[in-house]
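A.B. asks: fold the following, please.
(one chain, ligands or ions: 1)
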Amino acid sequence: MKLWGGRFTKETNQLVHNFNASISFDRKLFRQDIEGSIAHVTMLAKQGILGNAEKETIISGLNGIMEDIINKTLLIDGTHEDIHSFVEANLISRVGDVGKKLHTGRSRNDQVALDMKLYTREELTQIKELLKDLLEVLQNTMKENLDTYMPGFTHLQKAQPITLAHHLGAYFEMFKRDYTRLSDIYKRMNYSPIGSGALAGTTYPLDRDYTAVLLGFDGPTLNSMDSVADRDYLIEFLSALSIIMMHLSRFCEEIIIWNSNEYQFVELDDAYSTGSSIMPQKKNPDIAELVRGKTGRVYGALISLLTIMKGLPLAYNKDMQEDKELTFDSMDTVKGSLLLFTGMLSTMKFNQPAMANSAKKGFTNATDAADYLVNHGVPFRDAHGIVGQLVLYCINKGIALEDMTPEEFKSFSPAFEQDIYEAISLKTCVEKRNTTGAPGRAAMEQVIALNDQYLKSLSAN
Ligand code: ARG
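C.D. replies: Just a heads-up that it's a prediction; the model follows:
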């Protein structure tokens, strides 16, 4: 069925129809389209624009369509242009002429704006849930690894010792920000565009506040042109999704490094890794690599939508139909990535001895040796130079700082005493760092307690 037969004298060219049609992808919106229509019709009846009996007939027809699509007795076929015309045509074939009243006081422009917002709202909520699951896995793993020493890196060079809990805590902060970012977007987007018509509202006495309440919005949008032309919330959403993927991708990169033969900090569970068709010894981190790789699709979607929107005059333009495939793909990609990543993380084994051993080997306690001298009256710049010489000496001898004899220490500076060994032990290096946010146990325990409270507040929502 065409929605615009009256003005036209020719059939649409088939290729034009195909190029124009969106049903192959906007079929995903059938639920939201029907829910939106039910709210719209309910409001029309309340305002006396439709009779109550008409409302009932239309709603039961719409509910029937919803059920039939869900139990697959009604297939969404490609003969209709989009999901909106499909539902309307089906309604008319079910309930007759009264079905033709559904579109009173509405345009597909405000209808699609509504459907897309409803869909995005649900996806956003699901993604928040997945982030929460990931935060919980992180928090549990942190609690188990407050004393798991490992090297902290800068420039991928061993820098100072930290703990695994501290390292994972950095990701906890990132995903916590992602969660709050989604909450912020939800608040800003949660206004209902329906009732804005094609662009200029309508002459029917619609109650837009009422429809907004029925659909769980905080109110109606306040400019009918903006209502149909706005895709900011999708751009914000894709931007938040891009940041989530960026975080996942960085984490994946680290896991790939940690899982390498050279590091062996972690071992992936067999269920979350793959083998090679030719090299029998291989156990590959494909999931981590795929998540890292899929980040590109989500960034691409963000840039695509920004580009689609940049030159559009007000109000609706068909260009905006291009928002759907890329947004749907990004939503699916992020949900899949979060789910798989969390599974991989929660089944992964951490090789604590390998981590501690690596922290011992890379002179990660050199800063602490310099701090020791400072505490014994040597100016920091001099201390830095002395420890630099010490490191060079140890590299040449193939030993660690703590392997030097007291005499060797003394030969570099008379300030070194017997307690240097204690001062530069891995344990001291970590445990002395107790400024807020630092890796020492006392500092970490404070953060862990805050994280617990935070996770609890999410469950309470
Ligand atoms: N399929 C269209 C979209 O996704 C629906 C709105 C069509 N409106 C119109 N005036 N052609 O944007």
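
A.B. asks: could you use CA atoms for every contact and neighbour count after this?
C.D. replies: Noted.

A.B. asks: name the residues of whichever helix or strand Leu131 is part of that are buried.
C.D. replies: Assigned by DSSP states H and E, Leu131 belongs to helix 108-144. Of the residues in helix 108-144, 108-121, 123-124, 127-139, 141-142 count as buried by neighbour count, 16 or more other C-alpha atoms under 10 Å.

A.B. asks: check which element follows that helix along the chain.
C.D. replies: strand 149-154.

A.B. asks: if you count contacts, what does the helix or strand where Leu168 lies end up packed against?
C.D. replies: Element membership of Leu168, judged by DSSP H and E, is helix 164-189. On a contact count with 3 or more C-alpha pairs under 8 Å, 6 or more residues apart in numbering; DSSP states H and E, helix 164-189 meets helix 108-144, strand 149-154, helix 232-258.

A.B. asks: how about those, which one is nearest the ligand?
C.D. replies: Nearest to the ligand among these is helix 108-144; the distance by C-alpha to the nearest ligand atom comes to 4.8 Å.

A.B. asks: okay, now the residue in the stretch 251-400 of the chain that the ligand sits nearest to: neighbour count?
C.D. replies: Relative to the ligand, the nearest point of the stretch 251-400 of the chain is Gln321 (3.6 Å; C-alpha to the nearest ligand atom). By the measure other C-alpha atoms under 10 Å, the count of residues near Gln321 is 15.

A.B. asks: near the ligand, which residues of the chain?
C.D. replies: Neighbours of the ligand within the chain, by C-alpha under 6 Å from any ligand atom: Ser22, Asp82, Arg108, Asn109, Val112, Lys318, Met320, Gln321.

A.B. asks: how far away is the residue nearest to Asn63 when sequence neighbours are not counted from the ligand?
C.D. replies: Distance criterion C-alpha to C-alpha, 6 or more residues apart in numbering; nearest residue to Asn63, sequence neighbours excluded, is Ile34 at 7.7 Å. According to C-alpha to the nearest ligand atom, to the nearest Å, Ile34 and the ligand sit 15 Å apart.

A.B. asks: so who does Gly197 touch?
C.D. replies: If you count contacts by C-alpha atoms under 8 Å, 6 or more residues apart in numbering, Gly197 has them with Gly105, Arg106, Ser107, Arg108, Asn109, Asp110, Ser224.

A.B. asks: need the pLDDT of the second one.
C.D. replies: Looking at Arg106, its pLDDT stands at 97.

A.B. asks: for it, which non-adjacent residue is closest in space?
C.D. replies: What sits nearest to Arg106 in space, not counting adjacent residues and going by C-alpha to C-alpha, 6+ apart, is Gly197, at 4.8 Å.

A.B. asks: let's verify the one you found: helix, strand, or coil?
C.D. replies: coil (DSSP: H, G, I helix; E, B strand; the rest coil).

A.B. asks: measure it to the ligand for me?
C.D. replies: From Gly197 to the ligand the distance is 10 Å (C-alpha to the nearest ligand atom).

A.B. asks: mind pulling the model confidence for that residue?
C.D. replies: 98.

A.B. asks: next up, phi/psi of it, please.
C.D. replies: With angles defined as degrees, to the nearest 10, Gly197 sits at phi 70, psi -150.

A.B. asks: residues touching His40, list them.
C.D. replies: Contacts of His40 (C-alpha under 8 Å, 6+ apart): Ile194, Thr211.

A.B. asks: before we move on, back to that, counting neighbours, what do you get for the spatially closest residue to the residue of the stretch 251-400 of the chain closest to the ligand that is not a sequence neighbour?
C.D. replies: In space, and not counting its chain neighbours, Gln321 is closest to Ser22: 7.5 Å by C-alpha to C-alpha, 6+ apart. Using other C-alpha under 10 Å, Ser22 has 20 other residues around it.
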